[in-house]
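1. Mind folding the following:
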Amino acid sequence: MSELPLSATADAALQAAPATKARGYWATVGRRIMRDKVSMACALVLLLIFLSAILAPWLGLEDPYKGSMIRRLRHIGTVGYPLGTDELGRDMLARLIYGGRLSLVIGILPVILAFCIGTSLGIIAGYVGGKLNTAIMRTVDVFYAFPSVLLAIAISGALGAGVLNSIVSLTVVFVPQITRVAESVTTGVRNMDFVEAARASGAGPFTIMRVHILGNVLGAIFVYATSLISVSMILAAGLSFLGLGTKPPEPEWGLMLNTLRTAIYVNPWVAALPGAMIFAVSICFNLLSDGLRSAMDIRN
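-> Next up, the predicted model:
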């Protein structure tokens, strides 16, 4: 008889206790990366660079195309030109900010396109297997036979100089790498219990790949793709430096390095500014990718 009031009291206490909502995986990842000071600092730097590039016309900057031989190669700290002027007397601050537009587009867009194409090919190859897997992966191995830099230069040289051709060449360079990662992680999950249960329930291959496999492999592929952005920024700048990317007089960091290389003995600090921007953006993307990888590793 004494057990009945105790059980009733316990039930009442459980009903009165507030319900706690379990934190989801991505919420946990976001909470962990918000605690990473290095990743947040890099994200803040990238956000400032992105905003300055987007809002450049409203920042009251000098015309990045207007030059004057009278004020060429002014030093950093010159009145009216805080970052000096280039070899044609154009304001370096304006050209660096406006140049961020093209540099970021050429550096990030190929990775986004390669991410979409490579993820699709890798998941199809990893799930279907057989001859289709062999055909896709052996084609990928052909591109792996060439170093990334030489392959990008060869494709850009064949297509000709230009922003669009640079994006195409870098996309071709990164698709095989992302396809290899996507195929590897898909092969690891295609025989798991939840996939077998989906097959047993009558789900088709496309539904299984889209609903059950994509969500489980997307995180690893995304982290790898973010690490490629820093490589893409350097390759894009390299193509422009070689004359295979952006054409003058458009402001772009790699092209600015090329045009300022003759002034490195006259005004080395101004000549090094485009390289400093490329380095800053690349290292920030690299550190942010490392932080994201650590945040997604829930086992640790």
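2. Now do the helices in the stretch 201-300 of the chain.
-> Under the criterion DSSP state H, counting those that start in this stretch, the stretch 201-300 of the chain contains helices at 205-207, 214-241, 253-260, 268-296.
3. list the helices and strands the longest one packs on?
-> Looking back up the chat, that one is helix 268-296. Helices and strands touching helix 268-296, as assessed by 3 or more C-beta pairs under 8 Å, 6 or more residues apart in numbering; DSSP states H and E, comprise helix 25-34, helix 37-54, helix 92-128, helix 214-241, helix 253-260. (C-beta placed from N, C-alpha, C; glycine too.)
4. Please list all residues in contact with the residue nearest to residue 36 when sequence neighbours are not counted.
-> Excluding its sequence neighbours, the residue lying closest to residue 36 (C-beta to C-beta, 6 or more residues apart in numbering) is residue 291, at 4.5 Å. By C-beta atoms under 8 Å, 6 or more residues apart in numbering, residue 291 lies in contact with 33, 36, 38-39, 42.
5. what's the pLDDT at residue 291?
-> The per-residue pLDDT reported for residue 291 equals 88.
6. got it, and residue 1?
-> On the pLDDT scale, residue 1 gets 45.
7. cool, and residue 276?
-> 94.
8. From here on, call the first residue 83.
-> Sure, I'll start counting at 83 from here, so that last one is residue 358.
9. what about it, neighbour count?
-> 12 (other C-beta atoms under 10 Å).
10. how much space between it and residue 270?
-> In this structure, residue 358 and residue 270 are 41 Å apart, going by C-beta to C-beta, to the nearest Å.
11. Over to residue 204?
-> For residue 204, the distance to residue 270 - C-beta to C-beta - is 12 Å.
12. now residue 200
-> Distance from residue 200 to residue 270, by C-beta to C-beta: 17 Å.
13. Compare neighbour counts for the two and give me the winner.
-> Higher neighbour count among residue 200 and residue 270: residue 200, with 26 against 13, using other C-beta under 10 Å.
14. in stretch 291-298, what's buried?
-> Using 16 or more other C-beta atoms under 10 Å as the test for burial, stretch 291-298 gives 291, 294-296.
15. Quick check: of those residues, which lies closest to residue 246?
-> For the buried residues of stretch 291-298, the residue nearest residue 246 by C-beta to C-beta is residue 296; the value is 29.3 Å.
16. Relative to residue 288, how far out is the residue nearest to that closest one when sequence neighbours are not counted?
-> What sits nearest to residue 296 in space, not counting adjacent residues and going by C-beta to C-beta, 6+ apart, is residue 205, at 6.6 Å. Note on residue 205: its distance to residue 288, by C-beta to C-beta, is 10 Å.
17. ok, these two, which is more surrounded?
-> Ranked by neighbour count (other C-beta under 10 Å), residue 205 and residue 288 place residue 205 first, with 23 against 10.
18. pretty sure the more buried one contacts residue 299?
-> Yes: using C-beta atoms under 8 Å, residue 205 is in contact with residue 299, at 6.8 Å.
19. Find the residues that touch each one of the two.
-> 264, 268.
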